[in-house]
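1. heads up, no residue letters with this:
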């Protein structure tokens, strides 16, 4: 059993995965995207399944498409990756499949942004780039002046992707949110990300503690996983007055800070899932 | 601001035979290509890993490990599409 582990840089997460594979007797073939030619006429396949771990979502998605074209099972596949790498697409799918999520709208100009804010219940709102991670450029907009300023900056300085304005309702969180790790629809571990800041990404310094998985959490994770197409996912979930709501879904999850507080070998479970995909 | 992910070396020693890739087999020491300070490279360090220079704090990419020779380069900047 060989797993092709596709990477662009090696993080602690990839090393944990390699270590987990070692324990399970699985051989890893490291596929560095910077050193690989993805030519279907010449590529030599010597693995049974591909695990995409590229830190670049653009490169990871193209690699997923390539290996799928060779009939290799890919985790996560290009459909799941396409949905999860785009926050607007994720919101639309969650909405379509009636998974509780935040209110959101997409606009392309300032007058429509004001109208969207009105429809979302007024200020504050959150503006996010449709791509990106680690809480980068996620902006809380408290009033009209801030909205005008941020949109003007995005319009003048941004790439085309920054000229589509994804606006989301602002949720007053109880000083934390939940990061759930979901494999094949099952929530296998979860953490609270505790922070005094409204942005609670661990990449931004939030403190991590174990979050017990109750039925409500397990159910919403399963629903969200089914909506986006399954696989290995990390979900950001808010505790709101109306219950749990899925905010974002990550398809190339980082888990290095979560194995210790949860006591769960997330890396081991990912490797076991890769094995199951091959042998089912 | 806290860096978007930890650049600390993981305390993992991996059996290099399990994975086809280049690993540093034993602890070694090499000059930082930016400041010239001597950096300790731990056993288990892998090609394509990013490490921090303990002297100048710059991020360095382990560009090549070959026959015990390690080449460090200035690490790439974090790109817009990097993340989870």
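-> Alright, I've got the coordinates. Computed from a predicted structure; not experimentally measured.
2. Can you give me the pLDDT of whichever residue of chain A sits closest to chain B?
-> For chain A, the residue closest to chain B is residue A:133, as judged by Cβ to the nearest Cβ, at 2.0 Å. C-beta: built from backbone N, CA, C; applies to glycine. Looking at residue A:133, its pLDDT stands at 90.
3. Surely it is in contact with residue B:84?
-> Yes: with contact defined as Cβ atoms under 8 Å, residue A:133 counts as touching residue B:84 (4.9 Å).
4. Work out for me the element residue A:6 sits within.
-> strand A:2-7 (DSSP states H and E).
5. Would that strand count as contacting chain B?
-> Yes: Strand A:2-7 reaches chain B (Cβ under 8 Å from any Cβ of the partner chain) through A:5, A:7.
6. mind listing what that strand pairs with, with the direction of each?
-> The strands beside strand A:2-7 in its sheet (DSSP bridges) come out as strand A:27-32 (parallel), strand A:49-53 (parallel).
7. what pLDDT, on average, does the helix or strand that the last one is followed by get?
-> Past strand A:49-53, heading to the C-terminal end, the next element that is a helix or strand (DSSP H and E) is helix A:57-69. When pLDDT is averaged over helix A:57-69, the result is 97.
8. need the helices for the chain, in chain order.
-> You didn't pick a chain, so chain A it is. A:12-24, A:57-69, A:78-84, A:87-96, A:110-119, A:144-157, A:215-228, A:259-262, A:266-279 (DSSP state H).
9. Adding distance to chain B and mean neighbour count, write these out as a markdown table.
-> Converted to a markdown table, the helices of chain A look like this (distance: least, Cβ to the nearest Cβ, whole Å; neighbours: other Cβ atoms under 10 Å in any protein chain shown):
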| stretch | distance to chain B | mean neighbour count |
| --- | --- | --- |
| helix A:12-24 | 4 | 22 |
| helix A:57-69 | 5 | 20 |
| helix A:78-84 | 9 | 21 |
| helix A:87-96 | 11 | 18 |
| helix A:110-119 | 22 | 15 |
| helix A:144-157 | 13 | 14 |
| helix A:215-228 | 14 | 19 |
| helix A:259-262 | 11 | 16 |
| helix A:266-279 | 11 | 19 |
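10. Tell me if I'm right that residue A:176 and residue A:197 touch.
-> No: here residue A:176 lies out of contact with residue A:197, judged by Cβ under 8 Å, at a distance of 11.0 Å.
11. Need the residues touching each of the two.
-> Shared contacts of residue A:176 and residue A:197, defined by Cβ atoms under 8 Å, 6 or more residues apart in numbering or on different chains, comprise residue A:206.
12. out of those two, which sits in the busier spot?
-> A direct count of neighbours by other Cβ atoms under 10 Å in any protein chain shown for residue A:176 and residue A:197 places residue A:176 higher, at 19 against 11.
13. what inclination does the strand holding residue A:6 have with respect to helix A:57-69?
-> Using axes from the mean of the first three to the mean of the last three Cα atoms, to 10 degrees, the inter-axis angle of strand A:2-7 relative to helix A:57-69 is 150 degrees.
14. Report the buried residues of stretch A:180-199.
-> Using 16 or more other Cβ atoms under 10 Å in any protein chain shown as the test for burial, stretch A:180-199 gives A:180-184, A:187-193, A:195, A:198-199.
15. can you pull the contacts of residue A:48?
-> When contacts are counted by Cβ under 8 Å, 6+ apart, residue A:48 touches A:1, A:2, A:3, A:72, A:73, A:278.
16. Mind doing that once more with 6 Å?
-> With Cβ atoms under 6 Å, 6 or more residues apart in numbering or on different chains as the criterion, the residues that contact residue A:48 are A:1, A:2, A:278.
17. Leaving out sequence neighbours, find the closest residue to the last one.
-> Looking back up the chat, that one is residue A:278. Leaving aside its chain neighbours, residue A:278 sits nearest to residue A:48 (4.6 Å; criterion: Cβ to Cβ, 6 or more residues apart in numbering or on different chains).
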